[in-house]
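Participant: Provide a 3D model corresponding to the input given below.
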Amino acid sequence: MEKDKRKNIIIILLGIIIILLVVGLSLFIVKDKFLEDNYEKLEDRYEYLFENSLNNKENTTNNDDNSSNDNTQNNKTISRDEALDIVLKELNLKKNNLRDLDIELEYKVRYGKSVYEISFDYDYLEYEYYLDPESGKILDSFKSLS
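Facilitator: You can find the predicted model right below:
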């Protein structure tokens, strides 16, 4: 009789431990997903605000001829093609060998400004590069299996 009580208590304790582990793991997964989703929303919100501030800045500078001339000289931005050429030169690749090429100028919270995001596939690899649109400097790059 006493052995049965001990056995039942051990089974109950094991059951409680398993339940706690499952609940803990579930909370961990939900927390990571929640943070990931909210980070993307926050980044999208910053991009939206940044783009609107640029549009407002362009509208105010267009009203004043002197300030628009000064701004165009100080804020020289490289083109998408020039940004791609920098990446291709870095990798020693040709444009006609790339698949799924995508070039976007987006505000990234990580860098605190707009950057060119260049992504493409070549052979069995997927490349992703981030370039400063003013200097043409490569800020970051990633390579993974596609």
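Participant: backbone phi and psi for residue 102, please?
Facilitator: phi -140, psi 130 (degrees, to the nearest 10).
Participant: actually residue 135, not the one I wrote
Facilitator: According to degrees, to the nearest 10, residue 135 has phi -100, psi -20.
Participant: against residue 126, how distant is the most centrally placed residue in the chain?
Facilitator: In the chain, the residue lying closest to the centroid (C-alpha atoms, centre = their mean) is residue 108, at 7.1 Å. Here residue 108 is placed at a distance of 18 Å from residue 126 (C-beta to C-beta, to the nearest Å). Bear in mind the C-beta positions are built from the backbone N, C-alpha and C, glycine included.
Participant: with residue 91 instead?
Facilitator: 13 Å.
Participant: ok so, going back, so for the residue nearest to the centre of the chain, what's the pLDDT?
Facilitator: pLDDT, residue 108: 86.
Participant: can you tell me the closest non-neighbouring residue to it?
Facilitator: residue 115 (5.3 Å; C-beta to C-beta, 6 or more residues apart in numbering).
Participant: please, which helix or strand holds residue 33?
Facilitator: helix 2-63 (DSSP states H and E).
Participant: secondary structure element for the residue nearest to residue 108?
Facilitator: Here residue 115 sits within strand 113-122, counting by DSSP H and E.
Participant: next helix or strand past that strand?
Facilitator: Past strand 113-122, the next helix or strand by DSSP H and E is strand 125-131.
Participant: elements contacting that following strand?
Facilitator: helix 80-91, strand 113-122, strand 138-145 (3 or more C-beta pairs under 8 Å, 6 or more residues apart in numbering; DSSP states H and E).
Participant: poorly predicted segments of this structure, please.
Facilitator: Residues of the chain meeting the criterion pLDDT under 70: 35, 39-75.
Participant: how's the protein carved up into domains?
Facilitator: Listed by automatic domain parsing, the domain ranges of the chain are 2-73, 80-145.
Participant: follow-up on the earlier one: take the helices and strands packed on strand 125-131 and write them to a markdown table, including distance to residue 22.
Facilitator: Listed next are those as a markdown table, based on distance: least, C-beta to C-beta, whole Å:
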| stretch | distance to residue 22 |
| --- | --- |
| helix 80-91 | 46 |
| strand 113-122 | 38 |
| strand 138-145 | 32 |
